[in-house]
Structures are given as structure tokens and as C-alpha cells.
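Student: Below are the sequence and a predicted model for it; my questions follow.
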Amino acid sequence: MISFTLACDCGHEFESWFSSSAAFEQQTKRRLVTCPMCGSAKVGKTVMAPAVARTDNRTRKGAAETPPPAGPVPQPAQPHAVLGEPERQLRDMIRALRKHVAENADYVGRKFPEEARQMHHGEIEHRSIWGEASAEEAKALAEEGVEVHPLPLLPDERN
Ligand SMILES: [Zn+2]
């Protein structure tokens with residue numbers, strides 16, 4: 001087995017395993033190798049394969065010392081992840097938790113810190129609520145012993 005670092009035409013980099021260098025050539029030629037992030041079949045190696053004889057004019061003296069960067073021009077980096085099964089399950093659980101909270105808890109918006117505090121002191125009946133609190137408000141609640149939980153954001157829900 002041999003591993004290659006590959007890049008698609010959008011600049012995503014990923015690692016792939018092949019039984020041999022020839023198998024890699026064959027599979028990319030038949031467009032069987034696709035980018036796991038965007039599905040593009042236009043993939044190539046990001047590093048030069050060592051000691052592969054070429055018949056083009058790269059045999060010129062000095063050319064081999066400074067090989068041009070192979071592959072596409074990289075795009076500005078964005079966070080990406082290839083998720084294994086446990087992470088996928090976790091993502092689905094977070095999604096389910098957020099959905100459950102939205103459907104079953106009372107949305108109290110910016111009154112959240114106040115409501116949470118009143119419930120903690122028994123001034124109003126205990127129920128499930130959710131809403132917004134600043135980092136300082138959440139910290140203050142925690143210091144008073146009010147149990148509040150931040151709802152995790154999924155990366156694609158940011159902005
Ligand atoms: Zn891609």
C-alpha cells in the first residue's frame with residue numbers, strides 16, 4: 001500500500017491509499033478518485049513522486065532542483081472535516097438536542113438569565129427554557145449555582 005496526499009481542483013487536500021503507484025494512475029485516469037469534500041474527480045498529487053523519469057524538457061539542468069508546486073492553486077483555507085462514524089453520530093445528536101430543546105422548551109429570549117435565576121430561587125415554577133445569555137451572564141449564573149447549558153453550535157450554523 002502507498003499513500004498519496006492529493007488535491008482537487010478547488011484546493012482541498014486529502015490523503016488516499018492505493019495498492020501501487022500504477023493503481024493510483026489508473027484510478028485517477030478513470031476518475032474513480034474523488035475529493036471527499038466536494039466530489040470533484042479532478043484530483044492530483046500535491047507532492048512530486050520521487051524519481052519518476054519524464055520525457056519532457058524537465059531533464060534540463062537545474063529544473064529538477066526547483067520543481068514547480070504540483071496541483072491547483074490553493075484557495076483561502078476554510079475549516080473542513082472528514083467525519084468518521086462517531087463524529088457523525090455526535091453531530092446528529094447535537095442537531096437532535098437543538099431540535100428537541102426548540103420544540104420542548106420555552107423560548108424566553110434575552111430574559112433567559114432572569115428566568116433561569118428566578119427558577120433557581122423557586123420564585124417561578126421549574127420548566128425547560130432556552131434563550132440568549134452573554135458569556136458574562138452565563139458565568140454569573142454558574143457562579144450563583146444556576147445550572148445552565150450552552151447549546152453547541154454546528155460549524156455550518158455559524159455567522
Ligand atoms: Zn474538493
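Tutor: Nice, thanks for sending it over. Numbering: from 1, shown residues only.

Student: for the chain, which helix is longest?
Tutor: Longest helix of the chain, by residue count under DSSP state H: helix 85-104.

Student: Give me the mean pLDDT for it.
Tutor: Helix 85-104 carries an average pLDDT of 84.

Student: low pLDDT regions in the protein?
Tutor: 47-70, 72-75, 154-159 (pLDDT under 70).

Student: How about the residues of it by the ion?
Tutor: The chain comes close to the ion at residues 8, 10, 12, 35, 37-38, 40, as judged by Cβ under 5 Å from the ion. Any C-beta I mention is one placed from the backbone N, CA and C, and that applies to glycine too.

Student: from those residues, which ones fall inside strands?
Tutor: Taking DSSP state E as the definition of strands, those contribute residue 8.

Student: mind listing what the following helix or strand past the longest helix of the chain pairs with, with the direction of each?
Tutor: Using DSSP states H and E, the helix or strand that follows helix 85-104 in sequence is strand 106-109. As defined by DSSP bridges, the strand partners of strand 106-109 come to strand 129-131 (parallel).

Student: So what touches the helix or strand just after the strand it pairs with?
Tutor: Tracing the chain past strand 129-131, the next element assigned as helix or strand by DSSP H and E is helix 135-143. For helix 135-143, the surrounding residues in contact (Cβ atoms under 8 Å, 6 or more residues apart in numbering) are 112-113, 116-117, 120, 133, 148, 150.

Student: in the protein, which spans are helices?
Tutor: 21-29, 85-104, 112-120, 135-143.

Student: residues of stretch 1-20 that come out buried?
Tutor: By neighbour count on 16 or more other Cβ atoms under 10 Å, the buried set for stretch 1-20 is 4, 6-9, 11-14, 16, 18.
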